[in-house]
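below is the sequence, then the predicted model.
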Amino acid sequence: MSKSLNLFVPAIGGTALLLGLAYGISSREYGAATIDSLEARVQQIEANAAQATAEAQAAAAEAARLLQEREELAALAAVSGASLTAPAPVIEGTYGLGRVAFDEEIAAWDVDVLPDGRGLPEGRGDVFTGEEVFVDKCASCHGDFAEGVGNWPVLAGGFDTLANRDPVKTVGSYWPYLSTAWDYINRSMPFGEAGTLTPDETYAIVAYLLYSNNMVDDDFELSHENFTEVEMYNADGFVVDDRPELEYAEWRTEPCMENCKESVEITMRATFLDVTPDEEVEAAVSAPAPEATPAVAVAEDAGGIDPALIAAGEGAFRQCQTCHQVGDGARNRTGPVLNGMIGQTIGSVDGFRYSGVFEQANAAGEVWTAESLAAFLTDPRGTMAGTKMAFRGVGDEAEVAALIAYLQSFAD
Amino acid sequence: MDEIFKPSRRTFLRGSAAIAAGTVAGQAVAQDGPDPKITELQDWASYTGVGVDETPYGLPISFESDVVRRNVEWLTASPISSINFTPIHALDGTITPQGCAFERHHSGAIELSKDDYRLMINGLVDRPLIFTYADLERLPRENHVYFCECAANTGMEWAGAQLNGAQFTHGMIHNMEYTGVPLRTLLREAGLDAAGDLADKWVYVEGADASSNGRSIPMEKALDDVLVAFKANGEALRMEHGYPVRLVVPGWEGNMWVKWLRRVQVTDMAVGSREETSKYTDVYENGIARKWTWVMDAKSVITSPSPQMPITHGQGPLVISGLAWSGHGQITRVDVSKDGGITWETARLGKQGDTKALTRFYLDTDWDGSPMLLQSRAIDETGYVQPTKDQLREKRGENAVYHNNCIQTWFVNEEGVAENVEVS
């Protein structure tokens, strides 16, 4: 407060000094008329000075009032934590941003199906058709009988296991709504080709899943008309979150701090199980790996292929490992084993179910060469239209070459 | 206690290596003579370093290259539909750098540009709307720090101590400062008069990826603190966290934080999607499952010492450090026990906890070299006290998979080696 008042004091003092100077000059050097004129001017200036002083005092008072207000606010903020931060404002009306959606856009994206069947498109599919579609599009992960391959989900069976130590939660044993299966298959399956099924195909797959779970007979046909008549085994198996009643009431109490139990013993140790990933993985990731020794060892079988290229290919192969295995003990997974690929007849790995285009290539006796493999890896679906391999392709030529070198390092 | 405190051979070897490393990298102990690192001219003190344009976007220095997300391969069928773990054992403070914040994808992380991004608001609204990314940037936005925890965090530990490291037992969590537009602002733009009474209404949210990962959220929450976020820790979201736009659902399970958010539909019932029926429901001992278990209850874990962070400095001053969080609000207190829960000391909070965000705690102690059974116990603003594993099992059995917020125990032996254990 005092600081801003000081700003005004020199201004008022300055005016008085100017007035004194003017009066001294007038009495010594000039005539009466001039004196009268000067006196009038002095009176005018004095009047102005008085007004300026009043204004300055008013301004000082206003400044003092504002300062006090600020201090009060600061004090309030210190007490209550109030500040200038605020949530995003809520306004009357709207900001008018965004545009109205077209019906076609809503139809394309709003495809969810509710438990009461709302959202289902017209269509139908029977168990027999469903089995064909399932074996073609789903079985590589879920098994021919929806029993699941590897770690992929089991879709059938598991009835009356929910209270067991390891419950088997399938579409049949666990899922409360059939709409969930239709909705999920329609929008997100097959894995890697989501959104490509027709409504009839989806009805057929769902019919086959019901059959796999012994919930319908083999002549069953599912459609938008009978969809909601299907009764789900575990429809009543869910309760809404009851932690507030069963747990919170009990656990919102002041905890024990001393002598909380008589003694403590270790009852189980993670190291007995030994399922934690090894730390050594980190070293492999972090070290710049001057020479990838394992790859050099393999390269002896690979007829003088550049070891550095093989090592690069090993890194690039990570994107393939989801579906393909190589090396000793490799098994068919979502995709076939890739050992000894170059020079091999296309579509000839034992025990793997190929797509039609691969079966045709196999029948025609076509063989994988470095060139044909490069073309396939660059554009899988363009090169082998209809392949089940859900992979966009490798854009980088050097990466393709590295992958082929890596694959060549695995003989049959 | 001596015989049960013997470490397994594997742990012992790792511990010895850690201690050996400790003497190299470690503390200022009495030296036999002058330290050549000081008395001899070092390369870095003589030659010049790298120039300013060496890395236009920097990564951590090579010495920190082990502080990375890690995967547990046997957990899932494929890395495309899988999860990895934040290296929480090696971090401090509360903010998780995006580059090491855990990832969870159901159909892989997708590359979706801002130009290709569209957000639809439809269903029971007055005007179904389409927003571009540029539209979102014109709406009033907010900044909030929130934790995002997968409902399955610690889910492998229901039946017993299984994974040996805080990264693996508790690393399905990250904590970032989000910038975004409140979901209620977008819903108001579309108008909610058509929805009538909002008390029994929902929003169904889905992503643009192949899984779409749809979830139903009650309208009350949608109008409360849900954010449509496009920045995290000041920069654009990473691809693996939903670039360019993800949903932030404070305090609720991570699966609801839909990435690559493309649609918000106002509905009159929960959709019952795959992610809210077959998954993210909690089966209890009698075979009945709880659904709509959205809130993440109060939880904490000591990040150091822990199996990946053994004590390498021997006896003397020791900082015990960890993280605490609650989906119900602020963390108000954390207690630490060194004897497996017989006695507890109240830890120091790094700073006052933000609501629904990670809080750092410290217990500054003097270690006498005797074995410890380290535990931490979080208490939130509702007075909820983090339960023991046995308390949880008594209520829920061992098959719930999700929402395991039990007190964690690390056994630390005389050499400072830590191990994941369960205690009576």
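On my side now, so go ahead.

contacts and neighbour counts: CA atoms only from here.
Will do.

which stretches of chain A have low pLDDT?
A:1-35, A:73-82, A:279-303, A:322, A:390 (pLDDT under 70).

for A:W175, pull up the helix or strand it's in.
For A:W175, there is no helix or strand it lies in under DSSP states H and E.

touching, it and B:E276? I think so.
No. If you go by Cα atoms under 8 Å, A:W175 and B:E276 don't touch, sitting 10.1 Å apart.

overlap in contacts of those two?
With Cα atoms under 8 Å, 6 or more residues apart in numbering or on different chains applied, the contact sets of A:W175 and B:E276 do not overlap.

now the strands for the stretch 101-250 of chain B?
Taking DSSP state E, counting those that start in this stretch, the strands of the stretch 101-250 of chain B run over residues B:104-105, B:118-123, B:129-132, B:142-149, B:173-182, B:202-207, B:215-218, B:227-232, B:235-236, B:246-248.

please apply the same query to the stretch 301-424 of chain B.
Using DSSP E, counting those that start in this stretch, strands in the stretch 301-424 of chain B cover B:316-325, B:331-337, B:345-346, B:348-349, B:359-367, B:372-380, B:409-412, B:418-423.

okay, those, which one's buried deepest?
Highest mean neighbour count among these (mean count of other Cα atoms under 10 Å in any protein chain shown): strand B:409-412, with a mean of 28.

other residues contacting that one?
Against strand B:409-412 from outside (Cα under 8 Å, 6+ apart): B:305-307, B:310, B:340, B:371-376, B:417-423.

quick one: name the residues of the stretch 151-300 of chain B near chain A.
B:160-165, B:181-182, B:185, B:188-189, B:210-212, B:263, B:269-274, B:277-278, B:283-293 (Cα under 8 Å from any Cα of the partner chain).

now, which of those lie within helices?
B:185, B:188-189, B:274, B:277 (DSSP state H).

farthest pair within those residues?
Pairwise distances across those (Cα to Cα) peak at 30.9 Å, for the pair B:E189 and B:T277.

among the strands of the stretch 101-250 of chain B, which is nearest B:D193?
When these are compared (using Cα to Cα), the closest one is strand B:118-123, at 11.8 Å.

is chain B contacted by stretch A:222-242?
Yes. Using Cα under 8 Å from any Cα, stretch A:222-242 reaches chain B at A:237-242.

starting at the chain centroid, how far to that stretch?
Averaging C-alpha positions (Cα atoms, centre = their mean, to the nearest Å) puts stretch A:222-242 29 Å from its chain's average.

for chain B, see how far away the residue most central in space within chain A is.
Nearest residue to the geometric centre of chain A (Cα atoms, centre = their mean): A:S188, 15.5 Å. Per Cα to the nearest Cα, to the nearest Å, A:S188 is found 5 Å from chain B.

quick one: contacts for that residue?
A:194-195, B:210-212.

what of A:K261?
So A:K261 contacts B:341-342 (Cα under 8 Å, 6+ apart).

any idea how far A:E250 is from it?
A:K261 sits 19 Å away from A:E250, going by Cα to Cα, to the nearest Å.

re earlier: could you identify the most distant pair in the contacts of A:S188?
Farthest pair in the contacts of A:S188 (Cα to Cα) is A:G195 and B:S212. Separation: 10.6 Å.

the strands of the stretch 301-424 of chain B into TSV, with extra columns for mean pLDDT?
Converted to TSV, the strands of the stretch 301-424 of chain B look like this (pLDDT from 0 to 100):
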stretch	mean pLDDT
strand B:316-325	98
strand B:331-337	98
strand B:345-346	98
strand B:348-349	98
strand B:359-367	98
strand B:372-380	98
strand B:409-412	98
strand B:418-423	97
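
save those as CSV, and put in distance to A:L338 too.
As requested, those are exported to CSV (distance: least, Cα to Cα, whole Å):
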stretch, distance to A:L338
strand B:316-325, 46
strand B:331-337, 53
strand B:345-346, 58
strand B:348-349, 55
strand B:359-367, 49
strand B:372-380, 48
strand B:409-412, 44
strand B:418-423, 39
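
of the ones you listed, give the one that comes closest to A:M268.
Per Cα to Cα, nearest to A:M268 of the strands of the stretch 301-424 of chain B: strand B:418-423, 5.0 Å.

not counting sequence-adjacent ones, nearest residue to A:M232?
A:P176 (5.9 Å; Cα to Cα, 6 or more residues apart in numbering or on different chains).

wait, isn't the one you found in contact with B:T277?
Yes. Between A:P176 and B:T277 a contact is recorded at 7.0 Å, counting by Cα under 8 Å.

torsion angles phi and psi at the residue nearest to A:M232?
Torsion angles at A:P176 (phi, psi; degrees, to the nearest 10) stand at phi -80, psi -20.

now do the contacts for it.
A:232-238, B:277.

so what would you say the end-to-end distance of stretch A:135-153 is?
15 Å.

with stretch B:46-62 instead?
The straight-line separation of the ends of stretch B:46-62 (Cα to Cα) is 21 Å.

give the next helix or strand downstream of the helix ranked longest in chain A.
Secondary structure of chain A per DSSP H: the longest helix is helix A:32-80. Sequence order places strand A:99-100 as the next helix or strand after helix A:32-80, per DSSP H and E.

what element comes up after that following strand heading to the C-terminus?
Downstream of strand A:99-100 (by DSSP H and E), the next one is helix A:103-109.

now do the buried residues in stretch A:116-126.
In terms of neighbour count (16 or more other Cα atoms under 10 Å in any protein chain shown), stretch A:116-126 has its buried residues at A:117, A:120, A:123-126.

where does chain B have low pLDDT?
The model of chain B has pLDDT under 70 over residues B:1-29.

try 80
Low-confidence segments of chain B (pLDDT under 80): B:1-30.

ok, the residue lying closest to B:S337 once chain neighbours are set aside to A:A375 distance?
Once flanking residues are discounted, B:S337 sits nearest to B:W344: 4.5 Å by Cα to Cα, 6+ apart. From B:W344 across to A:A375, the span is 66 Å (Cα to Cα).
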